[in-house]
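A.B. asks: Model the following, please.
(one chain, ligands or ions: 2)
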Amino acid sequence: MEEKGTENGVAAMAACYQGFDPAAYLQYNYTPPRADFERKDSIVPWKLACLHRAFTEGDVNGELLVDIGSGPTLYQVLSGCEVFNKVLLTDYLEVNRRELRGWFQDEGASSLDWTPYLQHVCKLEGRRPSAWTEKAAKLRQVVKDIVPVDVHRPQPLSLDDLPSAGADCLVSCFCLESVSPDLAAFTRALGHIGRLLRAGGHLLLIGALGESYYFGGPGVKIPVVPLNEAQVCASLKESGYTLIRLEVYTLPQDMRVGVDDVSGVFFAKAVKE
Ligand SMILES: C[S@@+](CC[C@H](N)C(=O)[O-])C[C@H]1O[C@@H](n2cnc3c(N)ncnc32)[C@H](O)[C@@H]1O
Ligand SMILES: O=[N+]([O-])c1ccc2c(c1)CN[C@@H](CO)C2
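C.D. replies: Residues are numbered from 1 along each chain as shown. Ligands and ions are numbered 1, 2, ... in the order given. Here you go, the predicted structure:
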């Protein structure tokens, strides 16, 4: 039974998310300078490079990839969609699930043009950028559903949404530390999502370092658990993962644009014991 404090903390986090604005969030984080494909030191190209390497270095394989806390973004599965033939996107908010469905049903319906992202990942794969239309088609083919998730539940997904064998790979980006009231809840959530993953399956985790808040929309200030690298490594170990690699990106001054107080981004590749 969780302590009252944690239940209240989780409920307070859920209340913060009621004002989340997908279009604003995309504008804040997924347009230049943070998403500038001409800049070597831009955050999004760094994340895409980490994910491309992790998905293509030969040890990640299987049937089903699940993205935990997708939000309104799909960059996180642009490499994985070439490796898995089934991908599940998940989010806590209907507004985000609706935003994602908009892209899958009619590309013009999404708040952000994902073409530069598709082109960039094609380039990472050694393909000509014009192959982005094939990648978009591949993504539409392998993403089977966009479903609700709550990482604070011991079973974060409804059992109908997850095959009994579990997922072969999980990816989760900027979710756990942004939805947890404290480090203990972050670590517990890591354990909860681990239960979705088969033994030997991989977790690709991207998150914020040293961040205490971010804006999920105009005036929608959301508290974040400020993490450092040691805490990320300890939480992974405590939750039954073996860390394969941790990479860290430190924000240059001009990437600090006032939408949060993040100081770094981590990328962890781990395997479920
Ligand atoms: C900072 S956003 C990350 C979005 C996206 N993955 C990215 O990389 O930008 C955090 C996401 O967590 C979702 N979320 C909020 N509460 C959650 C919960 N209890 N369980 C899972 N996801 C939750 C929010 O709806 C939001 O989409
Ligand atoms: O620069 N980025 O690519 C980027 C993308 C998403 C997010 C951040 C930075 C920092 N804040 C988190 C919310 O905790 C969300």
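A.B. asks: now whatever residue of the stretch 151-273 of the chain ends up closest to ligand 1, which residues is it bridged with?
C.D. replies: Nearest residue of the stretch 151-273 of the chain to ligand 1: C173, at 3.3 Å (Cβ to the nearest ligand atom). To be clear about C-beta, it is placed using only N, CA and C from the backbone, and glycine gets the same treatment. Beta-bridge partners recorded for C173 (DSSP bridges): I206.
A.B. asks: Now do the contacts for it.
C.D. replies: Counting by Cβ atoms under 8 Å, 6 or more residues apart in numbering, C173 makes contact with 47, 67, 69, 73, 76, 205-207.
A.B. asks: Of the residues you listed, which is the nearest to ligand 2?
C.D. replies: Nearest to ligand 2, judged by Cβ to the nearest ligand atom, of the contacts of C173 is K47 at 6.0 Å.
A.B. asks: in what helix or strand does the closest residue to ligand 1 within the stretch 1-150 of the chain lie?
C.D. replies: Here the stretch 1-150 of the chain gets closest to ligand 1 at one residue, G71, 2.6 Å apart by Cβ to the nearest ligand atom. Using DSSP states H and E, G71 sits in no helix or strand.
A.B. asks: Ramachandran angles for the nearest residue to it once chain neighbours are set aside?
C.D. replies: With sequence-adjacent residues excluded and distances taken as Cβ to Cβ, 6 or more residues apart in numbering, G71 is closest to N96, at 5.1 Å. Dihedral angles of N96 (phi, psi; degrees, to the nearest 10) stand at phi -80, psi -40.
A.B. asks: Can you report how many residues neighbour N96?
C.D. replies: When neighbours are counted by other Cβ atoms under 10 Å, N96 registers 22.
A.B. asks: Pull up the gap between it and G69, please.
C.D. replies: For N96, the distance to G69 equals 9 Å [Cβ to Cβ, to the nearest Å].
A.B. asks: Let me see the contact set for the residue lying closest to P22 once chain neighbours are set aside.
C.D. replies: What sits nearest to P22 in space, not counting adjacent residues and going by Cβ to Cβ, 6+ apart, is P72, at 3.7 Å. Neighbouring residues of P72 by Cβ under 8 Å, 6+ apart: 22-23, 25-26, 95-96, 99-100, 110-112.
A.B. asks: Just the buried ones among the residues you listed, please.
C.D. replies: Among the contacts of P72, those buried by neighbour count (16 or more other Cβ atoms under 10 Å) are 22, 25-26, 95-96, 99-100, 110-112.
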